[in-house]
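Peer 1: All I have is the shape, not the residue letters:
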């Protein structure tokens, strides 16, 4: 089987760890089987206006890891990246990502945990796809107080990420939230990483590869604040303006 060849060639490194973080965040392993046919795909979803540049980065990342081409689809409800491969889906599953609905059972893959650089890369991929960075106003004149927020359905993954970040000096607060959707209680866990000091520690240890997040940080760093609801293009334009 071709998967045996891929397993021999695959290198467990930071790039692979980051990709698994991406799939853990806003991706899934899609498997369809019937009597007539079967299909296997890695599917990653994003915002069609904010994530276009990042999806090009992901396409190059996948090409670099597997030497396989993935495709980007722009649809009404968002942007999708898909890689059709039974062998790679099975390999990613073996490496620690469940097939199908994974949200409540996710945890940090075992081979990533012992290596500090691997887990940093895994968290970066997770944050690039499933975290947000905002700047709060509070009692300040402008939106200048940074907050990085991540939402998890899996307490195991939320706890592991929170504990690791705390160990490298990025302190966060983990909250359990219950929402009532159509009479069904849905539990999720919110990780808030607050303040300027934590933001700079994050940037120095984890960082972002998604321009959606990175442009927010750069505009805030340049101007000292960032208004809410700006688009990535507006932020790019702000970064082109020369300092007076």
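Peer 2: Ah, there it is. On a predicted model such as this, the values are computed, not experimentally measured, just so you know. Residues are numbered from 1 along each chain as shown.
Peer 1: where does the chain dip in pLDDT?
Peer 2: Applying pLDDT under 70 to the chain flags residues 1-9, 180-184, 242-244.
Peer 1: quick one: strands adjacent to the biggest strand by length in it?
Peer 2: Longest strand in the chain, counting residues (DSSP state E): strand 184-194. The pairing partners recorded for strand 184-194 under DSSP bridges are strand 145-152 (antiparallel), strand 173-181 (antiparallel).
Peer 1: I'd like to know which of the ones you listed is closest to residue 238.
Peer 2: Among these, the nearest to residue 238 by CB to CB is strand 145-152 (16.6 Å). To be clear about C-beta, it is placed using only N, CA and C from the backbone, and glycine gets the same treatment.
Peer 1: And the contacts of that closest one?
Peer 2: Residues external to strand 145-152 that are found in contact with it (CB atoms under 8 Å, 6 or more residues apart in numbering): 106, 126-127, 130-138, 158, 161, 172, 188-196, 198-199, 202, 220.
Peer 1: which residues of this protein fall in helices?
Peer 2: 2-9, 14-26, 52-66, 86-94, 116-130, 155-167, 196-205, 211-223, 232-240 (DSSP state H).
Peer 1: which stretch among these comes nearest residue 38?
Peer 2: With CB to CB as the criterion, residue 38 lies closest to helix 86-94 of the helices of the chain, at 7.6 Å.
Peer 1: If you count neighbours, what's buried in the closest one?
Peer 2: Going by neighbour count (16 or more other CB atoms under 10 Å), the buried part of helix 86-94 is 87-92.
Peer 1: give the contact list for residue 55.
Peer 2: Residue 55 makes contact with 44, 46, 72, 79, 81, according to CB under 8 Å, 6+ apart.
Peer 1: at 6 Å what do you get?
Peer 2: Going by CB atoms under 6 Å, 6 or more residues apart in numbering, residue 55 touches 72, 79, 81.
Peer 1: so residue 189 makes contact with residue 158?
Peer 2: Yes. Here residue 189 lies in contact with residue 158, judged by CB atoms under 6 Å, at a distance of 4.0 Å.
Peer 1: These two - which one has more neighbours?
Peer 2: Higher neighbour count among residue 189 and residue 158: residue 158, with 23 against 20, using other CB atoms under 10 Å.
Peer 1: Could you check how far that one is from residue 15?
Peer 2: For residue 158, the distance to residue 15 equals 24 Å [CB to CB, to the nearest Å].
Peer 1: Give me the distance from stretch 63-80 to the chain's centre.
Peer 2: The chain centre lies 15 Å from the centre of stretch 63-80; the measure is CA atoms, centre = their mean, to the nearest Å.
Peer 1: Now do the end-to-end distance for that stretch.
Peer 2: The first and final residues of stretch 63-80 sit 16 Å from each other (CA to CA, to the nearest Å).
Peer 1: Check what contacts it and list those residues.
Peer 2: Stretch 63-80 has contacts (CB under 6 Å, 6+ apart) with 15-16, 45-46, 48, 51, 55, 59, 62, 81-83, 88.
Peer 1: Give me the buried subset of these.
Peer 2: Among the contacts of stretch 63-80, those buried by neighbour count (16+ other CB under 10 Å) are 16, 45-46, 48, 51, 55, 59, 62, 81-83, 88.
Peer 1: before we move on, the earlier item: what's the longest strand of the chain in contact with?
Peer 2: The contact list for strand 184-194 (CB under 6 Å, 6+ apart) reads 147-153, 155, 158, 162, 172-179.
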